[in-house]
Each structure stands twice: as C-alpha cells, then as structure tokens.
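Undergrad: Sequence isn't available, so here's the structure alone:
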Ligand SMILES: [Zn+2]
C-alpha cells in the first residue's frame with residue numbers, strides 16, 4: 001500500500017477522538033499527525049532492508065510488525081503513556097489497537113509483495129485477503145514514479161470516505177469551542 005490508506009485511517013481516528021472528552025491533543029492537525037504516524041508504524045520494518053533483513057524473514061517487511069500481537073503491544077504501551085496524562089486508558093487502547101491493527105489487514109488487500117504475518121508469533125504464515133483491490137506500491141522513492149502516482153490515485157478513491165469524514169467541516173458548538 002502506498003501509505004495513503006494508512007494515513008487516511010489515522011486521520012479519521014484523530015477526527016473521531018478529537019470530538020470526545022479529553023482528546024489526546026487539542027490541535028486536530030497535531031492529532032492527525034500523531035495517529036497517522038501510529039498507523040504507519042508497522043512499515044518502520046523497511047529499515048530492515050538496510051540492515052540485511054530479507055523481505056520474507058520473520059521481522060522482514062510485512063512480518064512481525066504487521067501482526068495482531070504487535071498491534072496490541074503497541075496499543076498497550078501507547079495507552080499507558082496516555083494514561084499518565086489523564087487520558088482514558090480503554091478508549092486510547094481500543095483506538096490504537098484498531099489503528100495499528102488495521103495496517104496489517106489493509107496490507108493483505110494489496111496485489112503484490114508478500115502477505116502480512118498477521119498471526120506472529122504463533123505462525124509465520126503470510127496472509128492475503130481473498131480480494132486484492134489495492135495495487136501494491138513501489139517501495140521508497142519509487143512512489144514518485146508514474147506507477148506510484150497510479151497507486152496513490154486508486155487509494156484516494158478507496159479511502160475517500162475516510163478522508164471525507166476526517167476533513168469534513170466542523171459544525172455547531174464543537175467547532176466554536178476551539
Ligand atoms: Zn505495511
């Protein structure tokens with residue numbers, strides 16, 4: 001995935017969370033950056049390419065960091081830190097688990113690369129969804145190629161509803177309080 005879908009997911013959750021009492025951050029923009037960063041976190045595994053980790057290895061690209069267990073671990077740590085600043089633990093935990101966990105699931109919808117290691121550490125099987133509507137993105141700077149722009153365009157179509165939700169104008173008292 002070209003990351004646009006992951007960013008859209010983070011932005012939508014930021015929007016949802018910002019309308020609740022005691023949001024993590026007062027600034028919606030900062031909140032979108034934070035949640036989108038969390039959504040992209042599993043792809044930090046591409047650093048492994050430089051360190052000699054092969055794509056298909058346990059900690060290779062789309063490996064352990066794309067698992068459900070990894071998502072729960074990150075969500076627990078994230079919610080624990082949020083708890084220190086009096087933010088509601090269950091809500092932060094649930095949203096972070098959805099955001100990080102969605103990454104691996106969304107990657108299974110792509111039509112290339114290797115599947116996501118969703119069940120690590122219990123299984124090293126790599127999964128693809130039965131349907132693959134998303135073209136796989138070139139890794140790194142390749143995203144700036146015509147192929148990369150094509151992938152971004154397709155993702156823009158698929159994730160338009162999430163982006164529309166995230167970016168819709170604020171209305172009523174919620175907007176005026178900020
Ligand atoms: Zn990924």
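TA: Structure's in. What do you need? Please read these numbers as outputs of a predicted model, since none were measured by experiment.

Undergrad: Return the residues of the protein in contact with the ion.
TA: Residues of the chain found near the ion (C-beta under 5 Å from the ion) are 43, 107. All C-beta atoms are positioned from the backbone trio N, CA, C, and that covers glycine.

Undergrad: Might you list the low-confidence residue ranges for the chain?
TA: 1-2, 172-178 (pLDDT under 70).

Undergrad: Mind naming the longest helix for it?
TA: helix 89-107 (DSSP state H).

Undergrad: Now do that one: everything it contacts.
TA: 1, 5-6, 9-10, 13, 16-17, 20, 24, 35, 38-43, 62, 66-68, 70-72, 74-76, 78-80, 82-83, 113, 115-118, 129, 134 (C-beta atoms under 8 Å, 6 or more residues apart in numbering).

Undergrad: Equivalent analysis for stretch 117-130, please.
TA: Residues contacting stretch 117-130 (C-beta under 8 Å, 6+ apart): 56, 58, 62-64, 66-70, 104-105, 108-109, 114-116.

Undergrad: For residue 31, list the residues it contacts.
TA: 14, 17, 18, 23, 24, 25.

Undergrad: Nearest to residue 160, out of those residues: which one, please.
TA: Using C-beta to C-beta, residue 14 comes nearest to residue 160 of the contacts of residue 31, at 17.1 Å.

Undergrad: count of neighbours near that closest one?
TA: 27 (other C-beta atoms under 10 Å).

Undergrad: can you pull the buried residues of stretch 87-97?
TA: 87, 88, 91, 92, 93, 95, 96, 97 (16 or more other C-beta atoms under 10 Å).

Undergrad: In the helix or strand where residue 33 lies, which residues are buried?
TA: Element membership for residue 33 (DSSP states H and E) is helix 28-40. Residues of helix 28-40 classed as buried: 28, 31, 32, 33, 34, 35, 36, 38, 39, 40 (neighbour count, 16+ other C-beta under 10 Å).

Undergrad: mind checking how far the fourth one is from residue 119?
TA: Taking C-beta to C-beta, to the nearest Å as the criterion, residue 33 is separated from residue 119 by 31 Å.

Undergrad: before we move on, back to that, turn the buried residues of helix 28-40 into a markdown table, columns for distance to residue 160.
TA: Shown next, in a markdown table, are the buried residues of helix 28-40 (distance: C-beta to C-beta, whole Å):
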| residue | distance to residue 160 |
| --- | --- |
| 28 | 19 |
| 31 | 21 |
| 32 | 16 |
| 33 | 21 |
| 34 | 22 |
| 35 | 18 |
| 36 | 16 |
| 38 | 22 |
| 39 | 17 |
| 40 | 19 |
